[in-house]
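Asker: the following comprises the amino acid sequence and a computationally predicted model.
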Amino acid sequence: MLAPTPASPESAGMSTAALARLEAHLKTRYIDAGRFPGTQVLIYRRGKIVHSAVQGFADLERKVPVKDDTIFRIYSMTKPITSVAFMMLVEEGRVAIDEPVAKYIPEWKNLGVFAAGTAPAFLTRPPTRPMLIVDLLRHTSGLTYGFQQRSNVDAAYREKKIGEVIKAGTLDSMIEDLAKIPLEFSPGEAWNYSVSTDVLGYLVGKISGMPFEQFLKERIFTPLGMNDTGFFVPPDKVHRFAACYSADPQGGFNPLAADRKGTLTLQDDPTTSSFLSPPSLISGGGGLCSTAADYLTFCRALLNGGELGGVRLLGPKTLKLMTSNHLPGGVDLPAMSRSMFSEATYNGIGFGLGFAVTMHPSQTMIAGSPGEFNWGGAATTSFFIDPAEELITIFMTQVLPSSAYPLRRELRTMVYAAISESNL
C-alpha cells in the first residue's frame, strides 16, 4: 500500500508545539513515572502523517526500545477488523444483519435468559425476541465477558475460560459452551461489552466457507499490505515483538481492580508468549497482533470511505451505516449499558456496528466531532477516526488493563488541541 507522505503538522493544519507537548506529557506522566514501558503515537491528517513518535522501551527487561515497526498485542482493536470482515459478507448478500443468529448457529435456538441459579443449574426464562446478527455487532446480544464479575453468568464464563485474555479452546468449543449458558438479558434490552465479536468471527468462517483467519488474510491483510498483522508472531519477527505489562499488583488483567501500584509487572514475555505460535482459538474479539503502520493502513481505508490504493473493503454507504449509532431508540451508552468495563467512555457516546461513535461532543466533555468513531484494546492501545477533521490517531503501548489510567481522555484532548485549522 502506498505509504502516506510525512509532512509538517502545520502543512495539515496542526501545531508542532502542541504535539511536542503531548510527547512531553507521555514521557513525564507515564514513561518516567514507570506507568508505561514506552509509547508510539501516529497522527494522520488531510492525507499526511503529521506526527510519528516513539519513546521508551518495548521490552524493559532486555532494554529494547520502541521502534516504528514494533509489534503490539492489539486485543480488542481486533473487533473493528472482524466487524468490517463480516460486513463484507453482508455487502455480498450472503447474510443480513436483521437475521436471527440461530439461523447460523442452530444450537442457540433455545437460549434462555438468566433468572436465577448458578452453573450448571440455571433457571431461565424465554427471551422477548430472538438474538439478531445486529445484536452481535452492537453488543446488545445478551452475551458477556467473564471479567465483568457482575453476575452468575459472568462466573460461568470464567469457569469455561470464555473470552479470557489468555485464550482457551477453539471457536467451535466456545459456541458449544455458550449454548449451555443463559443470556444476561433479552437481546436488544441492554448494552454489555461481550464476546459477541468472537461469535462474528466464527460466523465469518461459517458463512464464507474458509477459516476466519484465512478470510482476514486473503480479503483484508494481503490486499492492503498489512504484512505484520496476524494471530501470532512468526519466528523471523519475534525480535520486534513488545513485552506486555500489568498495572495490577497481581500481574494479570483485572479491569475492575482499584489497587494500582503505579509500577509495572511483566505479564507476557515476548520470548515465551502464547502469541509465538498459531492459537487454537482464533479470536475475532481480541486475538490480533499488529503495528501502528499496519493499523493506520486499515484506518486510512475506513477514513477514505472503505477503499485505499485501489483495494475496496466496503462501500461508503455500508461504512456510514457501521459508524452510525445503532443503540435502540438512538440513546447513548449510559441509557443502555450494564457493562462494568468497556473500551469506551459513555456520556454522549453511541455504538455502531463494531465501533463506539461520538454523538454529542459536549456531553463527552472532551473535544471532538459528531461522527468520530473509535475503539481500543485491553493493553491500552487505541485509535480514533474523525472523518470531519480528516484525522486518524493511533496510540500503542502494552499495559493491562486499559482502565488503569485516563490516557485515552488525555490523548484525545491533546490531539484535538493540536488542531490549528478546523474543518468544522
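Answerer: Right, received. Where do you want to start? Residues are numbered from 1 along each chain as shown.
Asker: quick check, residue 185 in a strand?
Answerer: No. Counting by DSSP: H, G, I helix; E, B strand; the rest coil, residue 185 falls outside a strand, being coil.
Asker: burial count for it?
Answerer: By other CB atoms under 10 Å, the residues close to residue 185 number 22. Placement of C-beta: from N, CA and C, glycine included.
Asker: i'd like the first residue to be 685 from this point on
Answerer: Yep, numbering from 685; the last one is residue 869 now.
Asker: chain neighbours aside, what residue packs nearest to it?
Answerer: Excluding the flanking residues, the one nearest residue 869 by CB to CB, 6 or more residues apart in numbering is residue 826, at 5.1 Å.
Asker: from what I can see that neighbour touches residue 814, true?
Answerer: No. Contact criterion CB atoms under 8 Å: residue 826 and residue 814 do not qualify, at 10.6 Å.
Asker: please enumerate the shared neighbours of the two.
Answerer: residue 871 (CB atoms under 8 Å, 6 or more residues apart in numbering).
Asker: thinking again about what came up before, in contact with the residue nearest to residue 869, which residues?
Answerer: 795, 797, 811, 815, 819, 867-871, 873-874, 876.
Asker: ok, now residue 1093?
Answerer: 1029, 1050.
Asker: for the residue nearest to residue 869, helix, strand, or coil?
Answerer: Going by three-state DSSP: residue 826 is coil.
Asker: what's the longest strand in this structure?
Answerer: strand 732-743 (DSSP state E).
Asker: any idea how far that strand is from the chain center?
Answerer: 20 Å (CA atoms, centre = their mean, to the nearest Å).
Asker: and stretch 1014-1026, by the same measure?
Answerer: Worked out by CA atoms, centre = their mean, stretch 1014-1026 lies 17 Å from the chain centre.
Asker: only C-alpha atoms, please: export that stretch in PDB.
Answerer: Taking Å, rounded to 0.1, in the frame of the first residue of the first chain, the C-alpha atoms of stretch 1014-1026 are listed here in PDB:
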ATOM      1  CA  GLY A1014     -31.000   6.400  19.400                       C
ATOM      2  CA  VAL A1015     -29.800   6.600  23.000                       C
ATOM      3  CA  ASP A1016     -26.200   6.800  24.200                       C
ATOM      4  CA  LEU A1017     -24.400   4.200  26.200                       C
ATOM      5  CA  PRO A1018     -25.400   5.300  29.800                       C
ATOM      6  CA  ALA A1019     -29.000   4.800  28.900                       C
ATOM      7  CA  MET A1020     -28.400   1.100  28.000                       C
ATOM      8  CA  SER A1021     -25.100  -0.100  29.400                       C
ATOM      9  CA  ARG A1022     -24.900  -2.800  32.100                       C
ATOM     10  CA  SER A1023     -21.200  -3.200  31.500                       C
ATOM     11  CA  MET A1024     -18.800  -2.800  34.400                       C
ATOM     12  CA  PHE A1025     -16.000  -2.400  31.900                       C
ATOM     13  CA  SER A1026     -15.700  -1.200  28.300                       C
END
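Asker: show me what it is in contact with.
Answerer: 823-824, 829, 831-834, 868-869, 874-877, 939-940, 1009, 1011-1013, 1028, 1030-1035, 1040, 1043-1044, 1047, 1085, 1087.
Asker: so which of these sit within helices?
Answerer: Mapping the contacts of stretch 1014-1026 onto helices (DSSP state H) picks out residue 1047.
Asker: for PyMOL, what selects the buried ones among the contacts of stretch 1014-1026?
Answerer: Of those, the buried ones go into a single PyMOL selection, burial set by 16 or more other CB atoms under 10 Å:
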select buried, resi 823+824+829+831+832+834+868+869+874+875+876+877+939+1009+1011+1028+1030+1032+1033+1034+1035+1040+1043+1085+1087
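Asker: go through the contacts of stretch 1014-1026 and flag which are in strands.
Answerer: Short answer: the contacts of stretch 1014-1026 in strands (DSSP E) are 1033-1035, 1040.
Asker: got any ranges where the stretch 985-1108 of the chain has weak pLDDT?
Answerer: Counting by pLDDT under 70, the stretch 985-1108 of the chain contains no low-confidence segment.
Asker: same question but for the stretch 685-834 of the chain, I mixed them up
Answerer: Ranges of the stretch 685-834 of the chain meeting pLDDT under 70: 685-686.
Asker: ranges for the strands of it?
Answerer: Ranges of strands within the stretch 685-834 of the chain are 689-690, 722-729, 732-743, 748-749, 756-757, 797-800, 807-809, based on DSSP state E, counting those that start in this stretch.
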